[in-house]
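Undergrad: Starting from these lines, generate the structure:
(one chain, ligands or ions: 2)
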Amino acid sequence: MSTLPPPEEAAGQRSTEHTAAVPPPYPPPPPPVAPAQNATVDTRNERLDDGINRCPRCGATDIQLRPSAGMLVCLFCRHEWAEARLDESVTTSGDLASLRGTIIGSGAADISADANAVITLKCGGCGAEVIVNTAEQMGARCHWCRHVLTVNEQIPNGAVPDAVLPFTVTHDQAVAKIAEFAAKRRTFADRTFVREFTPENVVGVYMPYMVVDANVSADVAGFGEIETRRFTRGSGDNKETFYDADVYSVDRHVDFTADDLTIEASSERANMNAAVNTNNIINTILPFDTENAVKWNASYLTGFTSEKRDQDVAHTTPVLEHQLLSIARAQVVASIAPYDRGVRWEQERLQVHGTRWLAMCLPVWLYSYYHEKNGEGMVHYIAVNGRTAEVMGSVPVSKARLLAASLTAGTVLETLVVAFLAVS
Ligand SMILES: [Zn+2]
Ligand SMILES: [Zn+2]
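TA: Ligands and ions are numbered 1, 2, ... in the order given. Reported below is the predicted structural model:
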């Protein structure tokens, strides 16, 4: 991080009118010295194949996650075990400051257009063919011999990521969180919503994300102002306050690394159209402890639903760059404190030296409610982070109840109402 240099006065300073010139634009970033080396981190779980995967102790195939333990459990012999943490089993870590080029997990590879979401598995128990639509689930029971078949191979359809972060918040805990969230907002909630509220219908969903490390440099430039004098002219209603300020051109350079930035990898979820859905809710329950993600095993998803990734590295790069620039601006905040009238950034430049991309399935408990009013439909969600139990959501509001409350109780309540609207 750069330190604050002694301010240098820019041309045209000391005036109440600022006509400071726009700083010269940054030249485009120099071409990389060596072409960025793309590399792949192999994250395949070689112990597992598509089809039958058995309990290591008794060989049964009825395996699922026990969220209260965060472990896989064999429903036949109750043996519990877990896949290895991804960062312990493949080399994904290392010094982020030396990260160069674009490194992509084999489960985050580009989705090929002709890769079908529907997969046919040959049952290892009886030889029957079983169809799994990976857009919705990652396993199925053979209807002939009752073995459970799972999809574990990283075929390029976006269905099998590099890692999975198992649910540790149970269904009961999620129901309680959602009920508590809605209860706090009951007074102004739409009556139909209150009547139909059934938090037990919450669904556990594994959402696809890109988890990204980055090594970057950023430059920001603009103008900062320091107040030198304040005075008033006129009197009574015509009193006006004037300020004198020195204007400085300010620029800052920061080199930093970012660890485990989390970016949505489903185009449907990334659609933040606030008129028809409240998808943005899900981003408010971040962060996840992605460092605890484990190697893929489709049994973690048994009993849950999942969404398939449909966004590649190229699709999500603009979102990453946007997040990195926000971090850069935050990093220079302390060094611009002396500019007491603020700094207006006019130019920003990001140089990405290296990135590492891993696709992960992250656990979310989701309660959804379709609400229609005056012919306009809107899906409201209450989401619970499947690891931290952080809850956020949207509840349809009864405008009549809001209005009645603000008319009877006056401004104090109105303030409350505004606060409520802001969170709902
Ligand atoms: Zn067993
Ligand atoms: Zn079979």
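
Undergrad: For stretch 387-402, measure first residue to last.
TA: Taking Cα to Cα, to the nearest Å, stretch 387-402 runs 34 Å from one end to the other.

Undergrad: And that stretch, how far out from the chain middle?
TA: Relative to its parent chain, stretch 387-402 has a centroid offset of 20 Å by Cα atoms, centre = their mean, to the nearest Å.

Undergrad: again, but for stretch 300-313
TA: 14 Å.

Undergrad: Counting neighbours, which bits of that stretch end up buried?
TA: For stretch 300-313, the neighbour count (16 or more other Cβ atoms under 10 Å) marks 300, 301, 302, 304, 306, 307, 308, 309, 310, 311, 312, 313 as buried. In this view, the C-beta of every residue, glycine as well, is placed from N, C-alpha and C.

Undergrad: want to throw those into JSON lines with pLDDT?
TA: Converted to JSON lines, those look like this (pLDDT from 0 to 100):
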{"residue": "300", "pLDDT": "96"}
{"residue": "301", "pLDDT": "94"}
{"residue": "302", "pLDDT": "93"}
{"residue": "304", "pLDDT": "93"}
{"residue": "306", "pLDDT": "90"}
{"residue": "307", "pLDDT": "89"}
{"residue": "308", "pLDDT": "88"}
{"residue": "309", "pLDDT": "92"}
{"residue": "310", "pLDDT": "91"}
{"residue": "311", "pLDDT": "92"}
{"residue": "312", "pLDDT": "94"}
{"residue": "313", "pLDDT": "95"}
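
Undergrad: Looking at those, which are in strands?
TA: Mapping these onto strands (DSSP state E) picks out residue 306.

Undergrad: Relative to residue 43, which of the buried residues of stretch 300-313 is nearest.
TA: Nearest to residue 43 among the buried residues of stretch 300-313 is residue 309, at 13.8 Å by Cβ to Cβ.

Undergrad: For residue 385, grab the count of nearby residues.
TA: Using other Cβ atoms under 10 Å, the number of residues around residue 385 comes to 25.

Undergrad: I meant to write residue 360 there.
TA: Neighbour count for residue 360, taken as other Cβ under 10 Å: 28.

Undergrad: now residue 266
TA: Each residue near residue 266 was counted by other Cβ under 10 Å, and the total is 17.

Undergrad: which phi and psi does the residue lying closest to residue 336 once chain neighbours are set aside have?
TA: Among residues not flanking residue 336 along the chain, residue 343 sits closest, at 4.8 Å (Cβ to Cβ, 6 or more residues apart in numbering). With angles defined as degrees, to the nearest 10, residue 343 sits at phi -120, psi 130.

Undergrad: same question, the one 4 residues further on
TA: Recorded main-chain torsions at residue 347 are phi -140, psi 140, according to degrees, to the nearest 10.

Undergrad: Can you verify my assumption that it contacts residue 249?
TA: No. Using Cβ atoms under 8 Å, residue 347 is not in contact with residue 249, being 10.7 Å away.

Undergrad: the more surrounded of those two?
TA: Applying other Cβ under 10 Å to residue 347 and residue 249 shows that residue 249 carries more neighbours, namely 18 against 14.

Undergrad: So that one: helix, strand or coil?
TA: Put simply, residue 249 is strand when judged by DSSP: H, G, I helix; E, B strand; the rest coil.

Undergrad: What residues are bridge-paired with it?
TA: Residue 249 forms beta bridges with residue 223, as assigned by DSSP bridges.

Undergrad: returning to that earlier point: may I see the buried residues of stretch 300-313 organised as TSV, with distance to residue 185 added?
TA: Below are these laid out as TSV (distance: Cβ to Cβ, whole Å):
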residue	distance to residue 185
300	33
301	32
302	34
304	27
306	29
307	27
308	33
309	33
310	33
311	33
312	38
313	39
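
Undergrad: And the buried residues of stretch 300-313, which is closest to ligand 2?
TA: When the buried residues of stretch 300-313 are compared for distance to ligand 2 (Cβ to the ion), residue 302 wins out at 16.5 Å.

Undergrad: Can you tell me how far the closest one is from residue 128?
TA: Distance check for residue 302 against residue 128: by Cβ to Cβ, to the nearest Å, it reads 19 Å.

Undergrad: What segments of the stretch 201-350 of the chain are strands?
TA: Here the stretch 201-350 of the chain has its strands, by DSSP state E, counting those that start in this stretch, at 203-233, 240-264, 294-295, 305-306, 343-373.
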